[in-house]
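J.: this one's sequence-less:
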């Protein structure tokens, strides 16, 4: 048990810090603690994010844990985490959103891709190529395996018809990963196949979804006789579910490793500036109890990630503990930001940056927290995962699990 | 909307208070706030409780809302509540435990009993007769309709074999209410029949259950060829489920109307005597937040009962709102008592009455709260009731609901 | 004891619900949000015509004199409909402040216009993050009948005709002043808010002419906040109930894993929890409504409890209604965010929970004297 | 960074678990509870023989010098087995106090006997409802080498051979004193406690001979409480994990409505919540274990967080394990009440949550300087 860097780790950290100092200014964590939820206008922010990712890539920090033969650094997940910790000290664009999908696609292609498909990896890691994820459907959210988009074989091509939803990056994506139903005569998990899609193909229509905040970071994507060459199939026909599940668990881990300490610091500072019962709020027992509870959960997830990285660095398979991270943090952010608004008393509902504390960042993160509780697996779905896969409890009764898909609901 | 007594209500309250003052001493609510959970040694306390109930009955306050023709006062539920409020101001035995069952049996017999059965009511209301409830079984708790105790017709008798559990009062009961399976070839809810049982009959064995506290207020009851005359059947053969459900909802209401304000007062006083961060705990924001939250739920249930009584007094059918009372209060007591132990710091684990604050009453109520969360319907079962019967949500999938009982689990 | 609305009040409720469901459905609410309209003028005219605004105003002052419990009934319906109207500012705050001030001249002048909806009033109390109960630290001041200072946020400040302003007088006491917001020395700046239908403004007063309504602010303001909080609690309960209904409806329609999602206990018990919190809040609010109308000494305790319970119920119902709806619930076109916004707006309107928590426990301390 | 137990520590864990499941099963724990035995003498001898008690004591003082992380490993197993042993009093408190005191003479005299289990020590700090951190208000006093006052509760006070007593000296400073509990001027009265296997006593000192260990109590006691709280946190996590396992096992066996109850989301998600709280606690405790062994400046923050998280996890796991078991869970013969008792006993042992909450936030305030 040692929380300090080893000499090698310290050397890497120093290297990262030196490079970051040479290209970016330090971040003032007392005032800057937005955690970059899906609240902003992504399209406007995207070009700067891409440039920053390219810069990191060129300096050897953009794809740390990917092997060198696909353009990565050939480093470790622990180094990646170290870099992220250091990066959080600087005032740089947050590239997490699109890189979650980009990295996920690269990992997927490394494992399941053909040589031709693998050739896309380096440009993707550099974010020269942007990917999007074509999974969810209006009638297939938590129950993803209930998706209805159909891919039918026609010569060497697959012809795809249907609709996807909640696709971030669809506006600027060059490629997409798609899961579609190729056989309706077998139970729902068995008839699915995984593809990559050239987003410049004919037969793809994107429509932005206006979110509750008014911003539009997600899209509906419609397929009308979209043709995908069989060469863009990933994995075997009918094996799409397994491929997609591996992809999605990566997404949950990514949401789990958001850096929330600055937000806690923001609340501490806010509590110094506002008052309860005639005294600074920070002296109030309820405020202290809430802040303590925030810290415990934040640290709990942060150190759980460290346990996972330790296992990885020992060459072991990490335990399942990190599954708790996604819903713990998503709820935590919603709770913390709501509490921060409470601390502002009547000003809590003000969103004018000039007049709300800290440029109304608590207000906008409070909106954004709604989305994090839903994306990447709802609280409810993930608690089922914990109950069934970790604790070994019996499954919910699944009335449609073994039924041929075309019989479900009949 | 008027929270004050009407002139008639005020007159009744005055009458009750006058009588109570003439027979009992006032209670010091600053030190006496035990809510009388199932923690004490019931057998030792029983005689005094019975005498007090008899005294109330003889004065016209022991069966207020029962009609005069069965020996009641012919008053209202509201008067009963008024009497309970007044009674709580005096230092008298708590008769709630056995009277819940006694009153429930009387209500049941009034509705479903034969004239011979109804004749038992007056002595029951006076508590000259004590009843017990023979419902739960080791394999049929929340899923009461899964009970296995069998009653088979033999001439004019029913022969009963099986085992019941969680029977309070079994040691001193003269009569019991029993639900047993009379037909295993039909689905589980349909093959049940309701009986009254003379507890002096041959073929009944009682064994006390040692509770987690060490006390034994509950029993297992075994039936070995117990014979019940058909004249002691209540309702039609196969109609036992409907009868039992009506009986049980009364039990839940009774648990919902526990008087918890004195316990809240006890916590306020405790918080004055203990300290946090160098100041009286009552000044601490967390303590205040918790106390406020306790009060809100306590008052919320108390006033929900008043809404129910208003509906009754207007001759309307009360709404379903009171269903929330049982689990709200049971959880509240557990939370309040645990919090009171926290306030005592290291002394919170001390149970010696001489050295724990308030004679260790918080400690013993903390143990007792466990039982209230389970008895009369668990939190989980009751939330299903709220979801399905009040909010109209679809039922859980019940795999055994329509299956003949003797096929279940095969 | 009679712990329910009267038949007459139930009639008022049914009529209000009917009118609002016809004239203020969620499409309209969303449209106004999109247009960033601070209120629904047309609906305002309609409810004024129907006499709602005068419900609790005495007949002598042009109201209907039906009492505050009746106004609670209307408040619940306004909350349920998420009505974009300045009722809270004009009636629960401005009209109540005028009544409490005891200034009959100004009551004569203004209450009839508030009852008819001709004038919109508001209360200018908050100064940024200062709790509203913290009167001694207010910076706004009146000198020689002229008021100066910054009030932020002022609810409906951009549409109000006048404000009752809470400010220090020359002697350091706290007074209530009437200020014409259309008059000189008043600069109003609309703010972006979490709920555009509960608009707020920043108002800078520079030597604005101010007429003293009462010099007894220290006594009146807490009472005013208690009274208003009861009415707001009914709006919160109405909103929470509508959110619950919306979530239940969706849970019955939406299917996942081959079943209606409402058949899963994770959803079913979440909705049962919502229902529980709402009924706890409703029962507390009933008690507070009685204390409000009876002007009973129990008002302080009852109002704080109603406020806290209703705030918790609406916040919980709003956020979990989104969760029950899944991804759809996070879109602009779906209803849940309307509840999420309103819950927060009403929760911020009259001080936040720690302030009410303290008031509630003060009352309990009194009740359980050492 | 290496954020897990070492292979050697994992071996210690496996062996400890094996021994305890053979020698300290729940029947034995329940039996001792019934007998009101303050501890399991036989098991004490066994674990002493196996060297567990000397785990973190330096080799110079007769220990194994394996460090505190290894002791954390053992603590978790003791917690998991609900072991009725005075390890917390004798090692986490008395031995640690001796080490922190810097009194090498007394260390030489006592640590080897603590490591071998020949002596049992304890810490006499609490004075009824006073928080243990509130040193300035302690009433126990030493005058002329003689200690007088009442300590209540003293953990394992009825079986301890000596106590490190925290008391005021003649100058009003706070010192740590060694008192022989078998000696004159000591009257020990066993108390009834929530968990008989975590026994407590009331000790009245009347001019009991006391030897000063350190006059620097104001610095040492908070650090001692921090250090002990980390070890207790591992006991709590062990207990919570065992409770969770017991609940999961029952949820797989018990059927209701024709299904295993673990297939109902109400049960499944409750167990997922338990698991979540336990893992949050475990990760915080890992960090604290590192800070404990490294004597890092992060200890204060890490210990408070580990303590709070572990207390919450064990309390929740214990009470909800009863609930999952249904009626059976409330009986003496079933295991869940053993957890319920232990959770409360450990939660009360070293101050309650509001005290640790304050310490945690103090550290955050330092970290996020204004």
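T.: Thanks, I have it. Predicted model only: the values in this text are computed from it and were never measured.
J.: stretch A:386-397: which residues count as buried?
T.: Judged by neighbour count (16 or more other CB atoms under 10 Å in any protein chain shown), stretch A:386-397 contains these buried residues: A:386-388, A:390-391, A:393-394, A:396-397. Where you see a C-beta, it was placed from the backbone N, CA and C, and this is true even at glycine.
J.: which pair of those spans the longest distance?
T.: A:390 and A:397 (19.9 Å; CB to CB).
J.: so stretch A:134-148, near chain D or not?
T.: No. Stretch A:134-148 does not reach chain D (CB under 8 Å from any CB of the partner chain); its nearest approach is 12.7 Å.
J.: just confirm yes or no for that stretch near chain B.
T.: No. Using CB under 8 Å from any CB, stretch A:134-148 stays clear of chain B, coming no nearer than 15.4 Å.
J.: what does that stretch rub up against?
T.: For stretch A:134-148, contacts defined as CB atoms under 8 Å, 6 or more residues apart in numbering or on different chains pick out A:149, A:162-167, A:176-181, A:188-189, A:192, A:197, A:221, A:241, A:244, A:248, A:377-378, A:380-381, A:400, A:408, C:255-258, C:326-328.
J.: same thing with stretch A:391-407?
T.: A:146, A:181, A:183-189, A:191, A:384, A:387-388, A:408-409, B:397, B:399, C:257-259, C:264, D:244, D:248, D:251-252, D:259-260, D:262-263, D:265, D:267-268, D:271-272, D:275.
J.: swap in 7 Å and give it another go.
T.: Residues from elsewhere that reach stretch A:391-407, judged by CB atoms under 7 Å, 6 or more residues apart in numbering or on different chains: A:181, A:184-188, A:191, A:384, A:387-388, A:408, B:397, B:399, C:257-259, D:248, D:251-252, D:260, D:262-263, D:265, D:268, D:271, D:275.
J.: so what's the residue nearest to residue C:344 when sequence neighbours are not counted up against?
T.: Once flanking residues are discounted, residue C:344 sits nearest to residue C:194: 5.1 Å by CB to CB, 6 or more residues apart in numbering or on different chains. By CB under 7 Å, 6+ apart, the contact set of residue C:194 is A:349, A:351, A:363, C:341, C:344-345.
J.: can you do 8 Å?
T.: Residue C:194 sits next to A:348-351, A:363, C:341, C:344-345, C:348 when contact means CB under 8 Å, 6+ apart.
J.: what values do phi and psi take at the closest residue to chain C within the stretch 51-200 of chain A?
T.: With CB to the nearest CB, the shortest gap between the stretch 51-200 of chain A and chain C falls at residue A:143, namely 3.9 Å. Phi and psi for residue A:143, reported as degrees, to the nearest 10, are phi -90, psi 60.
J.: then residue C:17?
T.: The phi and psi values for residue C:17, taken as degrees, to the nearest 10, are phi -60, psi -40.
J.: quick one, what contacts it?
T.: Shown in contact with residue C:17 (CB under 8 Å, 6+ apart): C:77, C:80-81.
J.: same deal with residue C:48?
T.: Residues near residue C:48 by CB under 8 Å, 6+ apart: C:116-118.
J.: give the partner strands of the longest strand along chain C in its sheet and their orientations.
T.: Assignment by DSSP state E gives strand C:200-214 as the longest strand of chain C. Strand pairing for strand C:200-214, using DSSP bridges, gives strand C:146-155 (antiparallel), strand C:174-180 (antiparallel), strand C:186-190 (antiparallel).
J.: what about whichever helix or strand comes after that strand, near chain D?
T.: Helices and strands here follow DSSP states H and E; after strand C:200-214, the next one along the chain is helix C:217-253. No. Judged by CB under 8 Å from any CB, helix C:217-253 and chain D are separated, with a smallest distance of 13.5 Å.
J.: list the buried residues for helix C:217-253?
T.: Along helix C:217-253, these residues count as buried under the neighbour rule (16+ other CB under 10 Å): C:217, C:220-244, C:246-248, C:250-252.
J.: now for it, which elements pack on it?
T.: Counting contacts by 3 or more CB pairs under 8 Å, 6 or more residues apart in numbering or on different chains; DSSP states H and E, helix C:217-253 is packed against helix C:68-80, helix C:96-101, strand C:174-180, strand C:259-260, helix C:265-294, helix C:299-325, helix C:336-349.
J.: so does the fourth one get close to chain D?
T.: Read that as strand C:259-260. No. Using CB under 8 Å from any CB, strand C:259-260 stays clear of chain D, with a minimum separation of 11.9 Å.
J.: quick one: that strand near chain B?
T.: Yes. Contact of strand C:259-260 with chain B (CB under 8 Å from any CB) involves C:259-260.
J.: what residues does that strand touch?
T.: The list of residues contacting strand C:259-260 from outside it, by CB under 8 Å, 6+ apart, reads A:399, B:393-394, B:397, C:251-254.
J.: so what strands line up beside that strand?
T.: With DSSP bridges as the test, strand C:259-260 is paired with strand C:255-256 (antiparallel).
J.: give me the phi and psi for residue A:226.
T.: In terms of degrees, to the nearest 10, the main-chain angles of residue A:226 are phi -60, psi 130.
J.: ok, now which ones touch it?
T.: Contacts of residue A:226 (CB under 8 Å, 6+ apart): A:159-161, A:197, A:201-204.
J.: residue A:220 reaches residue A:167, doesn't it?
T.: Yes. Residue A:220 is within contact range of residue A:167, at 7.4 Å (criterion: CB atoms under 8 Å).
J.: skipping adjacent residues, who's closest to the residue of chain C positioned farthest from its centre in space?
T.: What lies farthest from the middle of chain C is residue C:258; by CA atoms, centre = their mean that is 42.3 Å. Residue nearest to residue C:258 in three dimensions, not counting chain neighbours: residue A:400, with 3.1 Å by CB to CB, 6+ apart.
J.: gap between that neighbour and residue A:388?
T.: Distance, residue A:400 to residue A:388, by CB to CB, to the nearest Å: 17 Å.
J.: before we move on, what about residue C:191?
T.: According to CB to CB, residue C:191 stands 48 Å off from residue A:388.
J.: swap in residue C:304?
T.: For residue C:304, the distance to residue A:388 (CB to CB) stands at 44 Å.
J.: could you check which residue of the stretch 1-150 of chain C lies nearest chain B?
T.: Nearest to chain B in the stretch 1-150 of chain C, going by CB to the nearest CB, is residue C:3, at a distance of 4.2 Å.
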